[in-house]
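Asks: Sequence and predicted model, in that order:
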Amino acid sequence: MLDRLSSSQEDLESEELREDAETAGCTRIGDCHDRQIVTVTGTLRTVTLRPRAGVPALEAELFDGSAALDVVWLGRRSIVGIEPGRKLIASGRISMSRGRRVLFNPKYELRPLGRE
């Protein structure tokens, strides 16, 4: 109890996200390796439109309390429901780009708003 009182809000949210990933049966982002097929869950921190090689690409940063990864949908300018603060589950093959974990065109499932 004393630990919870002395922890910052960010630490408490990170712990909650780690527990959520564990109960959902997902791999923690911090444990993901290059070329591994994974299912991860977390909260979208940022969502941006950033062209890649002249093709539109919607990029989002997914955070699960252990680490972050970039989720990229190539050829998309927007996706309904993909917005900062939204929780989702994403599946696909991890790749590394400039030292960051990236998931290209994943299968995804938006988490219900009532659970947030």
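Replies: Looks like it came in fine.
Asks: Hmm, residue 76 is touching residue 55, no?
Replies: No - using CB atoms under 8 Å, residue 76 is not in contact with residue 55, being 9.6 Å away. Placement of C-beta: from N, CA and C, glycine included.
Asks: Between the two, tell me which one has more neighbours.
Replies: Comparing residue 76 with residue 55 by other CB atoms under 10 Å, the one with more neighbours is residue 76, at 15 against 9.
Asks: Now the more buried one. Nearest residue, chain neighbours left out?
Replies: Distances taken as CB to CB, 6 or more residues apart in numbering place residue 58 nearest to residue 76, at 4.5 Å, with adjacent residues excluded.
Asks: In a strand, the one you found, correct?
Replies: Yes - assessed with DSSP: H, G, I helix; E, B strand; the rest coil, residue 58 lies in a strand.
Asks: In contact with it, which residues?
Replies: By CB atoms under 8 Å, 6 or more residues apart in numbering, residue 58 lies in contact with 47, 48, 49, 72, 73, 76, 77, 78, 79, 82.
Asks: Check which helices and strands the longest helix along the chain sits against.
Replies: The residue-count maximum for a helix in the chain (DSSP state H) belongs to helix 9-23. In terms of contacts (3 or more CB pairs under 8 Å, 6 or more residues apart in numbering; DSSP states H and E), helix 9-23 is packed against strand 37-49.
Asks: Check which helices and strands the strand it packs on sits against.
Replies: When contacts are defined as 3+ CB pairs under 8 Å, 6+ apart, strand 37-49 packs onto helix 9-23, strand 57-63, strand 68-74, strand 87-97.
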